[in-house]
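Q: structure for this input, please:
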Amino acid sequence: MKNLALSAFATLLLLFSTTTVYAQTRRQEVHDQVRERIEETRDYRVDLREKRSEVRQERRDEVRERISEAKKHRVRALAEKLTTRVTAAISRMETLVSRIEERMASLSEEGYDISDIQAEVDSAELLVDEAKETLASLEGVWEEMLVSDNPKEVFATVRLNVESIKTNLTEARRLLVQALGDIKGLRVGADTNGN
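A: As a prediction, this is how the structure comes out:
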């Protein structure tokens, strides 16, 4: 019996010791597998974040590009509209100058003194020519503004030139209106012989 008890004890000891070793080995394997899955999941999530970030960045770049193109389109439209309007105003001023010069020629033939009127018309013609030159210088500046790194500085130059054109045309108009008034004043106080 002693032997039987001893052999039962040895069997139980052997059974429990192998089970704990087996359980510890199995636990370590499961732990390693879980750790691998966690790392795989972490790597997958990091890759997924990077891909999403790249996609977002591409979308942002596309939107910026579309906005940039829209801005360029608006600037080109503004340039075209401004050029058309200023060209039309210059054309009207030139037409007015030529008509006034025709009237001055007929008044000169009739014997009126038109030297003051001629000075006003000459000044107006100079202002219109300056406006034409300034407008011509602006044509290359518009495209420069579109490709410039700092378009605000270029636009400041454009704004100054446009203001200069506006001032010149306004002053030319004022001089031409004054010349027309002077022409009308010449004829009011004269008799039919022009004296």
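
Q: show me what whichever strand or helix holds Val177 is packed against.
A: Using DSSP states H and E, Val177 sits within helix 151-188. In terms of contacts (3 or more CB pairs under 8 Å, 6 or more residues apart in numbering; DSSP states H and E), helix 151-188 is packed against helix 2-110, helix 115-147. For glycine as for every other residue, the C-beta is placed from the backbone atoms N, C-alpha and C.

Q: okay, these, which one's buried deepest?
A: A comparison of the helices and strands packed on helix 151-188 by mean neighbour count, using mean count of other CB atoms under 10 Å, puts helix 115-147 on top with a mean of 16.

Q: next one: that one to chain centre, how far?
A: Taking CA atoms, centre = their mean, to the nearest Å, one finds the center of helix 115-147 at 26 Å from the center of the full chain.

Q: report all helices and strands that that helix contacts.
A: Here helix 115-147 touches helix 2-110, helix 151-188, going by 3+ CB pairs under 8 Å, 6+ apart.

Q: re the thing from before, which one of the helices and strands packed on helix 151-188 lies nearest to Phe155?
A: Among these, helix 115-147 comes nearest to Phe155, with 5.8 Å by CB to CB.

Q: just want the angle from the helix holding Val177 to helix 115-147.
A: Computed by axes from the mean of the first three to the mean of the last three CA atoms, to 10 degrees, the angle separating helix 151-188 from helix 115-147 equals 160 degrees.

Q: next, the angle helix 2-110 makes with helix 151-188.
A: Interaxial angle of helix 151-188 relative to helix 2-110 (the same axes, to 10 degrees): 20 degrees.

Q: what's the mean pLDDT across helix 151-188?
A: On average, the pLDDT along helix 151-188 is 88.

Q: what sits against the residue nearest to Thr157 when sequence neighbours are not counted?
A: Using CB to CB, 6 or more residues apart in numbering and skipping the chain neighbours, the partner closest in space to Thr157 is Val141 (6.5 Å). Counting by CB atoms under 8 Å, 6 or more residues apart in numbering, Val141 touches 154, 157-158, 161.

Q: and for Val75?
A: Counting by CB under 8 Å, 6+ apart, Val75 touches 142, 145-146.

Q: and the pLDDT for it?
A: pLDDT at Val75 comes out at 83.

Q: do you know how far it is from Ser7?
A: Going from Val75 to Ser7 by CB to CB, to the nearest Å gives 100 Å.

Q: with Leu126 instead?
A: The spacing between Leu126 and Ser7, counted by CB to CB, is 129 Å.

Q: got it, and Ala131?
A: The gap separating Ala131 from Ser7 is 121 Å, by CB to CB.

Q: just Arg45 next, same as before
A: Going from Arg45 to Ser7 by CB to CB gives 56 Å.

Q: cool, Arg26 as well?
A: 28 Å.

Q: ok, Phe155 next?
A: Distance of Phe155 to Ser7, given as CB to CB: 102 Å.

Q: got it, and Ile183?
A: In this view, Ile183 and Ser7 are 143 Å apart by CB to CB.
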